[in-house]
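J.: compute the structure for the input listed below.
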Amino acid sequence: MAALDRREEGRRPHGSAMKESVTEPSEAGGYEIWGGLLGLSGVAILAFLLPPLDTILEGHEALHHLQHAVTFLFSFVAGLSLYRLLQISSGKASGWLERTSQTLLVIQHRADPRGIFAILFAATIVAFWHIPYFFNLAVVDHLVHIVEHLCFALAGGAVGFALHSMGRWTRLGSLLVAELSMLLFAVFLVVFQLHVYQVYPREHEFVFGIGMIYTMMPLMVYTVYRFLVEQVS
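T.: Residues are numbered from 1 along each chain as shown. This next block holds a predicted model:
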């Protein structure tokens with residue numbers, strides 16, 4: 001029996017070593033994946049906000065709106081990646097990096113435990129910069145244009161960072177409200193042929209409205225479909 005116990009004890013370190021060898025690569029992979037996404041998002045944001053791409057996109061209203069959407073989405077990915085990296089660092093890193101990661105995660109959880117503030121912040125930013133006066137001002141004033149894009153980047157990053165805190169209904173509701181708002185705005189542009197943003201020709205707004213209608217309707221259907229699939233599963 002004693003010999004059997006010794007053999008069992010001899011096996012345990014080997015098993016724990018195998019467990020560590022399996023766990024560590026996955027955590028290292030997490031660093032690589034989320035760190036890579038964060039880096040790629042940062043490069044993409046800069047590419048869309050700096051010349052020459054910024055100048056090209058600003059020339060047509062539909063492309064300018066697309067630039068805002070892409071900036072928001074890449075910033076969303078950057079915020080989500082940053083949160084995941086902090087999550088990994090809080091349990092794996094040592095010293096100041098672990099303490100800093102834990103502190104930031106605690107602050108986010110206490111300040112916005114359900115992600116509602118992030119959604120309201122993003123919605124306010126997007127609505128503000130689509131008020132005709134401020135939108136037109138951003139097109140004609142380069143400094144205001146930079147501030148506008150930084151605000152979209154902050155809005156997307158805030159939502160991505162707080163995504164883990166949001167419940168299923170919060171995610172669905174915020175997505176549907178955003179998609180429905182953009183769809184109704186596009187319908188008004190097309191049906192009433194409004195000329196909201198004077199810095200662009202009227203035909204630009206008609207093209208933008210048509211593009212938004214064909215984009216938002218499938219997105220709304222897909223959003224509801226994904227939610228129903230999650231509910232069933």
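
J.: show the average pLDDT along the helix or strand hosting Leu172.
T.: Following DSSP states H and E, the helix or strand that holds Leu172 is helix 168-191. Confidence for helix 168-191, expressed as mean pLDDT, is 89.

J.: after that helix, next one along is what?
T.: Counting by DSSP H and E, what follows helix 168-191 is helix 202-232.

J.: quick check: angle from that following helix to helix 168-191?
T.: 160 degrees (axes from the mean of the first three to the mean of the last three CA atoms, to 10 degrees).

J.: do a quick rundown of the helices in this protein.
T.: 2-49, 53-58, 61-92, 96-111, 116-129, 132-140, 142-162, 168-191, 202-232 (DSSP state H).

J.: where does the protein have low pLDDT?
T.: 1-29, 31, 91-95, 233 (pLDDT under 70).

J.: residue closest to the middle of it?
T.: Phe76 (1.4 Å; CA atoms, centre = their mean).

J.: so that residue sits against Ala162, correct?
T.: No. In this structure, Phe76 is not within contact of Ala162 by CB atoms under 8 Å, at 10.4 Å. C-beta coordinates here come from the backbone N, C-alpha and C atoms, glycine included.

J.: got the contact list for Phe121?
T.: Going by CB atoms under 8 Å, 6 or more residues apart in numbering, Phe121 touches Ala155, Ala158.

J.: how near is it to Phe134?
T.: 17 Å (CB to CB, to the nearest Å).

J.: before we move on, what about Val147?
T.: 10 Å.

J.: same deal with Leu150?
T.: 14 Å.

J.: same check on Glu98?
T.: 42 Å.

J.: again with Gln108
T.: On the measure of CB to CB, Gln108 and Phe134 end up 29 Å apart.

J.: more neighbours, these two?
T.: Gln108 (20 against 13; other CB atoms under 10 Å).

J.: quick one: contacts for the more buried one?
T.: By CB under 8 Å, 6+ apart, the neighbours of Gln108 are Tyr83, Phe161, Ala162, Ser165.

J.: now do Met216
T.: Glu179, Leu180, Met182, Leu183, Ala186.

J.: kindly report the same for His145.
T.: Glu58, Ala138, Val139.

J.: relative to His64, how far out is the second one?
T.: Translated: Ala138. 9 Å.
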